[in-house]
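# Got a predicted structure plus its sequence, pasted below:
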Amino acid sequence: MTDDNLFLALKRYAPGPNIDPKENFLTEAFAWLLRQHEGLAGHFLQLVLERYDGTFSLDRGARPQWLTQEGNAKARLDMVADFGTQAIIFEHKLWASLGEDQIDKYREYGAARWVGGVLVVLIAPRRSQFSQNPDVALTWGEVYRCASEWLEDQTSKPSIVRHFLGLLQSEGLGPPAPISHEAILSYLPAKTVEPQLVPLVQEVARRDWTWFYERMAWPGQKREPLVRFGPKDGPWWGRMGVDLLDGWRPGIFVGAMLNGDDHRVGLSNRELGPDFSLVLTYHQDDGEPPREEFLGSDEFARLKKRLAADAGGWDFVDHFLNNPNPNPWHPLHLRKPLLEVMRGTQTFEEQVLAFLKAGREVIEVLLVGEELEAFKARWASR
């Protein structure tokens with residue numbers, strides 16, 4: 001019954017220690033699909049065997065049993081095509097790295113269980129994860145194309161296969177987007193995401209930010225975002241995005257934090273690459289509130305306390321909390337991995353809208369307590 005019931009299969013993806021629930025969810029959905037559609041399973045196995053250049057061979061006409069979560073504590077196998085005396089073992093990764101000697105542990109377990117031999121196949125989002133020498137390495141994008149090709153050839157096109165393709169696409173595992181998910185993850189070694197961000201940020205700056213300026217602009221302030229790029233359209237002090245206020249009283253930056261060295265801040269999740277960040281900035285020119293007055297104000301204290309208690313799902317960084325080297329010019333950050341903001345987008349317009357949606361969400365988190373508006377009103381009344 002379990003093999004035929006998608007919902008019972010998906011019950012097995014429940015999270016646990018050191019388990020990515022999304023990986024398990026994807027595994028159970030994929031295995032169920034392969035059980036139900038023998039033609040798709042055959043097309044997928046053909047792709048696997050075409051990529052293999054060793055001596056392993058299957059008995060002609062053999063049909064596997066598709067298993068999930070097999071093995072023991074040392075070798076927990078995501079998915080297995082079990083042919084009786086032979087097997088193909090699949091390790092599914094999303095954006096995390098392989099465990100130490102993970103592929104070798106699978107080979108050792110497989111050799112003891114299947115006397116006719118095993119293949120170990122790694123499926124991951126990006127080729128930089130193809131370490132530890134699996135017998136076959138595929139990207140999820142190749143799985144997407146494989147399933148799409150099979151679906152295209154069917155007279156009656158099963159909607160559940162289209163839904164699975166939608167799942168892959170929503171996780172950034174389908175066709176490449178203008179700012180590719182792989183480029184975001186490979187930024188630190190390759191910096192390929194910088195030129196891709198330039199047109200995106202320029203377009204974001206042209207969109208309507210009236211809702212923000214009606215709440216936060218000081219009298220006489222410009223009411224248009226300022227794009228922040230560095231030399232040759234690279235990062236401006238490690239960031240690329242928009243400054244929404246032309247003065248630091250306070251100022252608000254929204255965009256990608258690519259390198260936090262100048263801001264004295266790391267990444268919220270180094271394995272997921274750069275962050276989408278809101279940075280609260282503060283300096284002053286003549287006639288503006290002194291920075292020390294703002295940093296020591298009751299309004300700023302209330303803002304920090306509120307965000308520390310509830311930042312609406314964003315990672316909150318307070319430079320003055322347990323930090324021996326705080327950055328007083330950029331005292332607060334709200335952030336999450338840029339990959340999470342862009343995940344599932346496929347077109348330039350979708351990515352612009354994702355930026356704007358995340359920007360508005362994080363700004364609302366910052367402003368909902370009205371602490372900054374209260375400080376602005378108090379200073380302006382002097």
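Happy to help now that I have it. A quick note: this is a predicted structure, and the numbers were derived from the prediction, not measured.

# my guess is D82 meets P64, correct?
Yes: under the criterion of C-beta atoms under 8 Å, D82 is in contact with P64, at a separation of 5.6 Å. In this view, the C-beta of every residue, glycine as well, is placed from N, C-alpha and C.

# More neighbours: which of these two?
Taking D82 and P64 together and counting by other C-beta atoms under 10 Å, P64 has the greater number of neighbours (20 against 16).

# Once you drop chain neighbours, what's closest to the more buried one?
By the measure of C-beta to C-beta, 6 or more residues apart in numbering, the closest residue to P64 outside its immediate chain neighbours is A81, 3.8 Å from it.

# Stretch 320-336: how far from the chain's middle?
Averaging C-alpha positions (C-alpha atoms, centre = their mean, to the nearest Å) puts stretch 320-336 23 Å from its chain's average.

# Buried residues, that stretch. List them.
N327, W329, H330, P331, L332, H333, L334, R335, K336 (16 or more other C-beta atoms under 10 Å).

# Over to stretch 198-211?
Of the residues in stretch 198-211, those buried under the neighbour-count criterion (16+ other C-beta under 10 Å) are L200, V201, E203, V204, A205, W209.

# try stretch 361-381
E361, V362, I363, V365, L366, L367, G369, E371, L372, F375, K376, W379.

# For those residues, point out the one with the lowest pLDDT.
Lowest in pLDDT among these is W379, which has 74.

# Let me know the helix or strand that it is in.
Counting by DSSP states H and E, the secondary-structure element that holds W379 is helix 371-380.

# Not counting that helix itself, show me its contacts.
When contacts are taken as C-beta atoms under 8 Å, 6 or more residues apart in numbering, the neighbours of helix 371-380 outside the stretch itself are 215-216, 218-219, 250, 289, 294, 297, 299-300, 302-303, 306, 366-367.

# nearest to F276, of these?
In terms of C-beta to C-beta, no member of the contacts of helix 371-380 lies closer to F276 than L366, at 13.8 Å.

# tell me the secondary structure for the closest one?
In terms of secondary structure, L366 is helix; the call rests on DSSP: H, G, I helix; E, B strand; the rest coil.

# quick revisit: among the buried residues of stretch 198-211, which lie within strands?
In this view, the buried residues of stretch 198-211 have no member that belongs to strands under DSSP state E.

# Include pLDDT when you put those into TSV, please.
Conversion of these to TSV gives the following (pLDDT from 0 to 100):
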residue	pLDDT
L200	91
V201	92
E203	93
V204	94
A205	92
W209	93
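
# mind giving me the domain split of the protein?
The record's domain split for the chain, according to automatic domain parsing, is 2-170, 181-380.

# For L245, which residues are in contact?
With contact taken as C-beta under 8 Å, 6+ apart, L245 is in contact with M216, A217, W218, Q221, G251, I252.

# give me the element the residue positioned nearest the centre of the chain is part of.
By C-alpha atoms, centre = their mean, the mean C-alpha position of the chain lies nearest to L339, the distance being 3.1 Å. Secondary-structure element containing L339, defined by DSSP H and E: helix 338-342.
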